[in-house]
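[1] Build me a model from this:
(chains A and B)
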Amino acid sequence: MDWHQLWTILTTPDNIPITALLFLVPFYTWYGLRQALANDRLIAQLEANPEMAKTHHRKVYPYKPGWPREVHVWPYLLRIELLAAIVVTVILMVWSITLDAPLEEPANPNLTMNPSKAPWYFLGLQEMLVYFDPWMAGVVMPTLIILGLMAIPYIDENPLGNGYYTFRQRKFAILTFIFGFIVLWVSMIVIGTMIRGPGWMWFWPGQTWDHNKLIFEVNRDLPDIAPFSYIPGIKTQPVRGLFGAAVMGIYVVLAGWLIHKLITLTPFNRKIYARMSLLQYVVMQFFLITMLLLPVKMLLRLLFRIKYIWVTPWFNI
Amino acid sequence: MKPEDLDKDPIVDSSLSRPLLISSALLVLSLAWALYDEIYAMRPWKSYQKRFRETYATFLNNLIPNQAEMERRIKASPEYQALDRAMREAEQRVLADVRRIDEEINRKLTPQIMVLNEKFQELRMEIGALTYELEVASSEPEKQRLRERIARVKQREVTVALPEPDGSTRKVRYTFEQMDRDLRQWKDRKAALLQRRVELMAPAEELRRKRDQYLADRIPEVSSTVLAGLRRKLENFPIEIRQIHVRDVDLVDRCESCHLGIREPVVLTKAAMGGEAAFTSHPNRELLRIHDPERFGCTPCHNGNGIALTSVTKAHGYYKHWLWPLYKRENFEAGCQQCHAGEIITEMADTLNQGRELFRLRGCYGCHRYEGFDRDTEELAAVRQEIRQLEQQRAEFERQIQFTIEKGDRAQDNAEAQRLYQHADNLKLRISSINARIEQLDIRSRNLLREVKKIGPSLKEVRMKLRPEWLPVWIKDPHQYRPGTKMPTFRLDDEEVRAIAAFIWQSGVTGQLEKQPLGDPVRGKESFETRGCLGCHSIGEGAEQIGGTFAANLSRVGEKVNYDYLVRWIHDPRKRTLPYCPLERRDLTEEDYRKKGLPFVFDFENSRCPNDGHELVVQQMTPMPSLRLTLEESRDIASYLMTRRREGLTYAPAPYLEDPKLKARGEFLVRFYGCAGCHEIKGLEEEQRVGTELTHEGSKPIDRLDFALLTQKAKKEGWYNHKGFFERKLKDPAIFDLGKEKPDKLERLKMPNFHLTKQEIDALTTFLLGSVESTLPPRYFYNPTGAKRDIVEGWWIVRKYNCMGCHQMMVGQKTVFDTLPRYQEPDWKEQKPPSLIGEGARVNPEWLMKFLANPAMSATDTNRNGVRPYLRARMPTFYFSDGEIQKLVRFFEALSSQAQPYIPPRLETLTERERLMARQLFTSEGAPCLSCHATGDPAHDRRATAPNFLLAKERLKPGWTRRWLLDPAMIMPGTAMPSGLFTRQGDRWIFAGPLPPSFQGYEKDHADLLVRYMFQFTPDELSRLRAAGGSAVRGNAIAMNQRTR
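    You can find the predicted model right below:
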């Protein structure tokens, strides 16, 4: 166990936000969910008592009789926001005094640094390059991410949950977010920062980042692995491409079926599903299937050393 | 929480005052912290400056009274008083006049000019403005109107109140013209008065300068006036960043923000500055003067981060991201190398010079290319390349000539034909200049073939030179046999040693060796110790070691060497058994010569290959010179050396040396380990280097230095940098194999161990650290031309042949002779080889050229020194090439700032009377010149300690000779030549001793007379002198010696 190495990684001024992320993201997820669940209990209470629902405006739980029905922004919200602003200012000031942003050596075009890392917010993209071909990871996927985010308001027309925390009323949306952002994006940033060492090799926490480390890994395309490798003509196109397309087709069908199952799991969701148009549903399925492709490919690569499933002369997946 | 609180609304009823108060307090605190950080914590130089101001003030306060006291004492001395009085008297004499002048200028002229000038300027401006309008006016009436206006202004009368010396004012009415006239007159008057004043004061000023100079000459550092000035400057010492900014190279050095004393005119030591090393003054002011900090800054030499000010670590660049950390104390001369690359000796950089010399002498460049080292080999390749190119071009021109002439023959008209023929003629002329160039290159390549030297001995001759059983012992570990030897220890196992030894033994050439009778070892020891062998070689082991380190230690040479070969080697070290033909890449044998019907003779006159006519290598590639010893003396020395052995030591027989099966394996290993980098080996003459190039090793990215498994350790222990790598690699070249799994031994690091001392490692590290690809613009590099370049190039030859082993060539340098016990005795001091400081000023370059080519100065009588026959130590024959002689002569000339080429001054011919006078002086009691100087009489010359006068005319320069006569101790301290032979009388020098009567009435300079006499000296004259002063010569020798002591 190389504690010195671990400490170096965790305390490099550049990495401090990521180290903080390790604790802050779970904390705020928990904190938000706590409020959401409390509100859900209030919602249950109000739904059970229509009288109360008529007079009750504050979404706060537990609620005691005698408390004001409404609370004004000034001063009750703004004073807390002021407090938060002060605390954040103090943190930023202390941070900037104690940790100087390091100025590195002049760039040398003849000598790339190793490991050569993207800024932390792009480390997810860089990590994706391990699993997809550069065109997919660098161009197609980022475009899809942006388009997907833009499409959300048009897919999700559920009006509930505006202005208050709730889990019950937005279960599917919240779980999709947690999966897509926290599990996929944030964890890839953490991997990129703390796990990927020289040569973009995988170093478990506490392993020494040794430039001389050598690893033996043979990554093969799916068509080259038995039993598929016995398919006649699999080494050549178009059999190879057609085979990949077939596998991808199977994946799409399976993933689509799985996602459909998840969507229609609860009665609430079924209600939302019933209200969706076909276009909305197909678009949503498309983005979710694509998103699911990432963890699937990561697992195939990390566990089975499979490089690409679908190999064509133009692109690889 | 109290129970009733449970019912309270957490939003409305809770108070945020406390968290607000606390966080606000924190905000204020962090603000205060930020301010503190900004003003103090990140600006440590502020406290440095405060401390400097205090300690420096204290330092000056202590110094000033001492200095003042010293000055007071000097001022009280009668000399100073006399000077002071003379100055004052001179002042007094002109005081009345000066005062009158001052009176007129200060009280009358200056105030009046000022007052009048003011009015005058007013009017002139008005006229100027009107003139401008006049010039740009468009119509003639308008112009006319303006002209009239100007005339009116000029006519206007102004009243001026002129101040008078007595305090009253005088009102005068002036027009413009009148004002102009008066002003001119007054100003002229004032200038004349001032000029007069200067003339009057001149003698006094001159005396004052003399007086002040007298004071300045007697104060070691700076005067108390300067000190007071420094002290005053400290009163208003601003606390601010001090930076050097050289705009065109983007250089910003703020080092002096803390290192405040660097450029102070007084010497500041650490102790004097309260133990603060940062405040010391620069230890070498001379260097600082050459490299003006305003132009060079600090970091170009010292490295470090010149911009950084936030901490010492940052500023010195000792952190990961700064690629040019400050050089440590032991390596600080590395900074010189980046601009002074290409020099072997840089003044004032002893460590660096040692590093370069080690790099050269230990044969590092045999494996590692380094630009500038081994330039002979590289130049040879370049010259051959150029010859090939020129030959191609010549062939091309010849073809063109032919075509052009043919075209001309077929031309339509005469003009066209003329033009083409002319073109052909032009090409012919160009071919002739190509031919001239080729001829020069041929000469150069012949020279270069002579100049190429190898660090180690030729291994072609092992069969004739060595005892076979010694060979494996040596290869196994040379340092075991001879500690500190140049050859490093390779990581070889016994199998490899056997294979290498077998290959080397079997690849050796065989030849006839003359059988030599034994000589006298006792006489040999004497010769060895006095002929100059010890200038390069050392002898004796451990603490008893004496002699130079340039060549091998000969303590155990008797164990390894064949006597007959040793005699040949001492007698003529350059003698080769077989010549080598670079074109055929093989050694020629007698057979090759016989086939062509030629005698088997090869030397500098017969240096062409019988097969292809190209130049051969006809001598051993060793720098060892010939001492021109007789065969008998060579035998004596060889016999003495054969006694140098450890008794009772036996070597295991090595029958495998003749095993042909080992040869191939041995050849592979020899090639693999790069033995041919230092040795001449049969079949491997044209081998390439096996190591990495080191020219820019100091700026190689750190990632490309392979720390291997020690990387993490190095990072943790803080030596993950170039210095750390070089030092460890040099100490133990195999260190970075530590822990590596390399079953194949050939994969291991192959650099051998040189067993360097700590000091040698520091020197080499300094050299390597400085070997950087500089980021400075080229004009910062030292790329001298003319005389300075001659010096740079000359040092390479001086190092190559180890001239400094015997001669002093640099001020402060010690020769090997200065360290030898024998030469500490007074009788032997005279026997040291001469110092060559100022040699260029002393000798005629034409003569020097001849002398270097043949130090015996005779084609037949070579068993002697040409100039100083009385010296036991021999000036050897180095067989310099013409190019080397040229460079050396220029080097000596340049070192003494002599103009090139040398044109001897014309000396006035002696009249008969003068010749007589000089002759008498030469033999007079007061100047028994011939008692020490050689005369060519063998009986006398045995005791002579100075050169023959007959040589002077050709050898010396008259200017130097005159200076030498006047004060030899100025040129060569400790010389036997007496000083004070002449005294100054008016503007001429006269002989200080009793003058012969013929000198009566002679008005010319006596030193000049003697110089002219010497330069018109003839053998006839010498014999006449000998006859005239024979007895005096002997009688006075003793008196003379007593006087010099």
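[2] Check the chain for its longest helix and report it.
    Looking at chain A here, since you left the chain open. helix A:16-48 (DSSP state H).
[3] Not quite, go with chain B.
    helix B:176-217.
[4] Averaged pLDDT, it. What do you get?
    Helix B:176-217 comes out with an average pLDDT of 90.
[5] ok, now stretch B:408-417?
    Averaging pLDDT along stretch B:408-417 gives 89.
[6] just to revisit the earlier point, for the longest helix of chain B, name the packing helices and strands.
    Counting contacts by 3 or more CB pairs under 8 Å, 6 or more residues apart in numbering or on different chains; DSSP states H and E, helix B:176-217 is packed against helix B:44-76, helix B:78-103, helix B:110-136, helix B:140-155. For the C-beta atoms, the positions are set from N, CA and C on the backbone; glycine is no exception.
[7] Out of those, flag the one nearest chain A.
    Of all those, it is helix B:44-76 that lies closest to chain A, at 14.3 Å by CB to the nearest CB.
[8] I'd like the mean pLDDT over that closest one, please.
    Mean per-residue pLDDT for helix B:44-76: 88.
[9] cool, and stretch B:848-860?
    Rounded mean pLDDT across stretch B:848-860 is 90.
[10] In that stretch, which of the residues would be classed as buried?
    Judged by neighbour count (16 or more other CB atoms under 10 Å in any protein chain shown), stretch B:848-860 contains these buried residues: B:848, B:849, B:850, B:851, B:852, B:853, B:855, B:856, B:857.
[11] What is the nearest of the residues you listed to residue B:219?
    Checking those against residue B:219 with CB to CB, the nearest one is residue B:848 at 42.8 Å.
[12] show me what contacts the closest one?
    Going by CB atoms under 8 Å, 6 or more residues apart in numbering or on different chains, residue B:848 touches B:839, B:888, B:889, B:892.
[13] go with 6 Å
    Residue B:848 makes contacts with residue B:889, as judged by CB atoms under 6 Å, 6 or more residues apart in numbering or on different chains.
[14] Look at it and tell me its secondary structure.
    At residue B:848, secondary structure determined by DSSP: H, G, I helix; E, B strand; the rest coil is helix.
[15] With residue A:310 as the reference, measure out to it.
    Between residue B:848 and residue A:310 the distance, using CB to CB, to the nearest Å, works out to 85 Å.
[16] For the chain, give me the ranges with low pLDDT.
    Just going to use chain A. For chain A, the stretches with pLDDT under 70 are A:55-63.
[17] could you do chain B instead?
    Low-confidence regions of chain B, defined by pLDDT under 70, span residues B:1-6, B:220, B:1029-1045.
[18] Show me what from it comes close to chain A.
    Within reach of chain A by CB under 6 Å from any CB of the partner chain, chain B has these residues: B:7, B:9, B:11-12, B:16, B:19-20, B:23, B:26-27, B:30, B:34, B:37, B:321, B:323, B:701, B:712.
[19] now these: which count as buried?
    Buried residues within these, counting neighbours by 16+ other CB under 10 Å: B:9, B:23, B:26, B:27, B:30, B:37, B:323, B:712.
[20] For those residues, work out which two are farthest apart.
    Using CB to CB, the pair of these lying farthest apart is B:9 and B:323, separated by 63.0 Å.
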